[in-house]
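Peer 1: Sequence and predicted model, in that order:
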Amino acid sequence: MIRVAIITVSDKGSKGQREDISGQTIRDIVEAEDWKVVDYKIVPDEKAEITELLNQFADNNQADLILTTGGTGFAARDHTPEATLDSIEKEVPGIAEKMRSGTSRFTELSYLSRARSGIRKYSLIVNLPGSPKAVSQCLKEVIGIIPHGIKVLQGEITEHE
């Protein structure tokens, strides 16, 4: 079973001024896959705080998969991709590329996403956009390839067939 941590990045959400629908959308999708949500946090759009939380989940082996939502756009307060780059040891650009490419059939604005994906220790980190609709579309584009990646990352698959 894949252990999932969800991080919602939102200034208003972290202050209780906005309901976090995107985090719940992620939870619904991953639980439908029989994956287990082991932790869920809402943090403000502060780069250092996001990086610290990503590092904590990965370094303490709390989650196999860390999904963030929010902070991937062009706004001045959007720092999630930069925080992710500060955390990861290896980038996995294909995941973000597949999300952008796959969701472009819904809107060409998907190519404006700055989302990143990468590996820290034995955890896979994937940035998702902030809107519930875009979260659902992006996650569904890559959910089928994530289990294989995690098995390779954790040494369960060592030979390619």
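Peer 2: Nice, thanks for sending it over.

Peer 1: contacts and neighbour counts: CA atoms only from here.
Peer 2: OK.

Peer 1: Please pull out the lowest mean pLDDT helix or strand from this protein.
Peer 2: helix 11-14 (a mean of 92; mean pLDDT, DSSP states H and E).

Peer 1: Residue ranges in this structure under the pLDDT threshold?
Peer 2: Low-confidence segments of the chain (pLDDT under 70): 160-161.

Peer 1: Which of the three states applies to residue 58?
Peer 2: Local secondary structure at residue 58 is given as helix here, using DSSP: H, G, I helix; E, B strand; the rest coil.

Peer 1: any idea how far it is from residue 92?
Peer 2: 16 Å (Cα to Cα, to the nearest Å).

Peer 1: just residue 31 next, same as before
Peer 2: From residue 31 over to residue 92 (counting by Cα to Cα), the distance is 24 Å.

Peer 1: and if you look at residue 136?
Peer 2: 20 Å.

Peer 1: Give me the three-state assignment for the closest residue to residue 70 other than its chain neighbours.
Peer 2: Counting by Cα to Cα, 6 or more residues apart in numbering, residue 130 is the residue found nearest to residue 70 once chain neighbours are left out, at 3.7 Å. Three-state call for residue 130 (three-state DSSP): coil.

Peer 1: which residues touch residue 130?
Peer 2: Taking Cα atoms under 8 Å, 6 or more residues apart in numbering as the criterion, residue 130 is in contact with 22, 69-72.

Peer 1: With residue 114 instead?
Peer 2: Neighbours of residue 114 in contact, by Cα under 8 Å, 6+ apart: 72-74, 81.

Peer 1: sec struct for it, please.
Peer 2: coil.

Peer 1: separation between it and residue 93?
Peer 2: 11 Å.

Peer 1: Find the nearest non-adjacent residue to residue 138, please.
Peer 2: In space, residue 138 is closest to residue 99, 5.0 Å off (Cα to Cα, 6+ apart).

Peer 1: Secondary structure element holding the one you found?
Peer 2: helix 93-103 (DSSP states H and E).

Peer 1: Endpoint to endpoint, stretch 39-57 covers what distance?
Peer 2: Calculated as Cα to Cα, the first-to-last residue distance of stretch 39-57 is 9 Å.

Peer 1: on that earlier part again, with just CA atoms, put the helix holding residue 99 into PDB.
Peer 2: Taking Å, rounded to 0.1, in the frame of the first residue of the first chain, the C-alpha atoms of helix 93-103 are listed here in PDB:
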ATOM      1  CA  PRO A  93      10.500  15.800 -15.200                       C
ATOM      2  CA  GLY A  94       8.400  13.200 -17.100                       C
ATOM      3  CA  ILE A  95       5.600  13.300 -14.500                       C
ATOM      4  CA  ALA A  96       5.000  17.100 -14.800                       C
ATOM      5  CA  GLU A  97       5.400  16.800 -18.600                       C
ATOM      6  CA  LYS A  98       2.800  14.100 -18.700                       C
ATOM      7  CA  MET A  99       0.400  16.200 -16.600                       C
ATOM      8  CA  ARG A 100       0.900  19.300 -18.800                       C
ATOM      9  CA  SER A 101       0.600  17.300 -22.000                       C
ATOM     10  CA  GLY A 102      -2.400  15.200 -21.000                       C
ATOM     11  CA  THR A 103      -4.400  18.000 -19.500                       C
END
